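Engineer: Structure for the following, please:
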Amino acid sequence: MPKFVKQETEIQTDLDAWLYNFKNMEKINENATIVKNANPLFTKLFTTCKITNYTKEERIMYDQSLKNYRDWYAIEKTAFMKGEIKGEIKGEIKGRIEGKLEGITIIAINLIKFSDMNNAQIAQITGLPETEIDKLRNSI
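Structural biologist: Numbering: from 1, shown residues only. Modelled structure (predicted):
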């Protein structure tokens with residue numbers, strides 16, 4: 001890229017920054033102003049370049065560390081998803097139970113209002129305790 005002659009202080013656009021970085025890649029370090037102030041992709045670019053320059057031992061350690069991180073992330077994500085599913089199931093069950101209880105309560109109220117059944121008979125039909133039937137009868 002011999003035709004690109006701008007210095008770091010003359011960079012104004014993203015294209016200028018990219019060209020400057022490619023031309024001066026081996027001279028620039030991560031602390032350079034152009035890296036700090038420019039597109040976040042430059043930081044990723046320099047990180048990737050640094051990784052490619054690792055020795056074999058450093059690369060093995062890096063790969064193992066990356067694998068550990070990805071494993072941990074997958075475990076956390078799976079646990080979160082399982083928790084969400086359990087929560088949804090519990091909520092669904094609770095909603096069904098509340099709905100059935102509400103329906104039974106409505107039946108008991110209708111039996112109290114429109115029949116001459118006593119609390120024991122209504123309790124036997126609905127499955128509600130007699131004390132609950134008594135509370136319903138007093139609230140009407």
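Engineer: going forward, measure contacts and count neighbours with C-alpha atoms only.
Structural biologist: Fine.
Engineer: Residue ranges in this protein under the pLDDT threshold?
Structural biologist: By pLDDT under 70, the low-scoring segments of the chain are 28-38.
Engineer: So which residues of this protein form helices?
Structural biologist: 14-23, 33-37, 40-52, 56-114, 119-126, 130-139 (DSSP state H).
Engineer: got CSV for these, with distance to E8 too?
Structural biologist: As requested, the helices of the chain are arranged in CSV below (distance: least, Cα to Cα, whole Å):
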stretch, distance to E8
helix 14-23, 7
helix 33-37, 7
helix 40-52, 14
helix 56-114, 31
helix 119-126, 83
helix 130-139, 81
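Engineer: Take these and lay them out in TSV including mean neighbour count and distance to K3.
Structural biologist: What follows is the helices of the chain, written out as TSV (neighbours: other Cα atoms under 10 Å; distance: least, Cα to Cα, whole Å):
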stretch	mean neighbour count	distance to K3
helix 14-23	16	10
helix 33-37	15	20
helix 40-52	13	22
helix 56-114	13	36
helix 119-126	16	90
helix 130-139	14	90
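Engineer: From I109, how far out is the residue with the largest distance to the centre of the chain?
Structural biologist: Distance from the centre of the chain peaks at D116, with 55.7 Å (Cα atoms, centre = their mean). As judged by Cα to Cα, to the nearest Å, D116 and I109 stand 12 Å apart.
Engineer: Then Y73?
Structural biologist: Y73 is 53 Å from I109, by Cα to Cα.
Engineer: and what of L45?
Structural biologist: Distance from L45 to I109, by Cα to Cα: 72 Å.
Engineer: quick one, what contacts F4?
Structural biologist: With contact set as Cα atoms under 8 Å, 6 or more residues apart in numbering, F4 has these partners: 19-20, 23.
Engineer: mind redoing it with 10 Å?
Structural biologist: 16, 19-20, 23 (Cα atoms under 10 Å, 6 or more residues apart in numbering).
Engineer: Right, I'll call it a day here.
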